[in-house]
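Chemist: Pasting the sequence and the predicted coordinates here, then a few questions.
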Amino acid sequence: MKDYLIAPSILSADFARLGEEVDAVLAAGADIVHFDVMDNHFVPNLTVGPLVCQALRNYGVTADIDVHLMVKPVDRIIGDFVEAGATYITFHPEASEHIDRSLQLIKSSGAKSGLVFNPATPLDVLEYVLDKVDMVLIMSVNPGFGGQKFIPQALKKIQRARSIIGESGLPIRLEVDGGVNVDNIAQIAAAGADTFVAGSAIFGKDDYRAVIEQMRANLAE
Ligand code: DX5
Ligand code: ZN
């Protein structure tokens, strides 16, 4: 089977028990932790920052933490997230005046970098920075909230991103975020994704393990 990663989004977790929730999804078979950072400026919602990422590390979380920055500007928060234990730091091209510089900042701090593309944002900038990117994240909802419906047009963009990555020959992950669930995960994988963020589909159910196992079973078909 392909090297698929399932990345529960903590946005839909119970924040009052965040450490336990993260432990629970990892014990249930999740691979990495998707950590949504919102600033009530770039997106119309407000979540958590480096302090909470650090708190998860202090609590004992050793899995990769995939920090999805939905903040503007991005540069001044990058160092704080690296120090707080972020593994991946991804940001939206619209949120940085100097995309190449922001990517370099992430890489030179020792984290893995990524670019995130909103549903109506073209992939244009990607070709110029492919060598500085470890992950491409295709948004299949407009960012800001969990529990939204998957936008089907994202499938075409996933295919396009897969062919750009394939042509580059670089080991870049292709992640999809928004409205991913047991019913559509196979179709999303068929379009070329290898990393699947799921918030409400996992945390919205009582049995995290059952959802994650069903996702893997559907991916294996
Ligand atoms: C949306 C966030 C997502 C969100 C996904 O802005 O970036 O990570 O938590 O939630 P679901 O899986 O419920 O669409
Ligand atoms: Zn996200």
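Modeler: Looks like it arrived, so ask away. Not measured: the values here are computed from a predicted model. Ligands and ions are numbered 1, 2, ... in the order given.
Chemist: that's a strand at residue 116, yeah?
Modeler: Yes. Under DSSP: H, G, I helix; E, B strand; the rest coil, residue 116 falls within a strand.
Chemist: who's it bridged to?
Modeler: For residue 116, the beta-bridge partners under DSSP bridges are residue 137.
Chemist: Tell me who's in contact with it.
Modeler: Residues in contact with residue 116 (C-beta atoms under 8 Å, 6 or more residues apart in numbering) are 68, 69, 90, 91, 92, 93, 137, 138, 139, 143, 177. Just so you know, the C-beta spots here come from the backbone N, C-alpha and C atoms, and that holds for glycine as well.
Chemist: Those into TSV, with extra columns for pLDDT, neighbour count and distance to ligand 1?
Modeler: Output for those, formatted as TSV (pLDDT from 0 to 100; neighbours: other C-beta atoms under 10 Å; distance: C-beta to the nearest ligand atom, whole Å):
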residue	pLDDT	neighbour count	distance to ligand 1
68	99	28	5
69	99	27	10
90	99	27	10
91	99	29	12
92	98	23	10
93	98	20	15
137	99	26	9
138	99	28	11
139	99	24	7
143	98	20	3
177	99	26	5
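Chemist: residues in this protein within reach of ligand 1, list them.
Modeler: 9, 11-12, 34, 36, 68, 141, 143-148, 177-180, 197-201 (C-beta under 6 Å from any ligand atom).
Chemist: ok, and of these, which contact ligand 2?
Modeler: Among the residues of the chain next to ligand 1, the ones lying near ligand 2 by C-beta under 5 Å from the ion are 36, 68, 177.
Chemist: In strands, which of those appear?
Modeler: Among these, the members found in strands (DSSP state E) are 36, 68, 177.
Chemist: Can you lay out those as a markdown table showing distance to residue 107?
Modeler: Shown next, in a markdown table, are these (distance: C-beta to C-beta, whole Å):
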| residue | distance to residue 107 |
| --- | --- |
| 36 | 22 |
| 68 | 17 |
| 177 | 21 |
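Chemist: Kindly indicate which of the residues you listed lies nearest residue 206.
Modeler: Closest approach between those and residue 206, by C-beta to C-beta: residue 36, at 22.1 Å.
Chemist: tell me the contacts of that closest one?
Modeler: By C-beta under 8 Å, 6+ apart, the contact set of residue 36 is 9, 10, 11, 47, 68, 70, 199.
Chemist: Do you know the pLDDT at it?
Modeler: Note for residue 36: predicted pLDDT of 98.
Chemist: what pairs with it across the strands?
Modeler: residue 68.
Chemist: Leaving out the residues flanking it, which one is nearest to residue 165?
Modeler: The shortest distance from residue 165 to any non-neighbouring residue, by C-beta to C-beta, 6 or more residues apart in numbering, is to residue 172 (4.8 Å).
Chemist: again, but for residue 141
Modeler: Closest to residue 141 by C-beta to C-beta, 6+ apart is residue 178, at 3.1 Å.
Chemist: from the chain's centre, how far out does stretch 188-205 sit?
Modeler: 10 Å (C-alpha atoms, centre = their mean, to the nearest Å).
Chemist: what's the span of that stretch, first residue to last?
Modeler: 21 Å (C-alpha to C-alpha, to the nearest Å).
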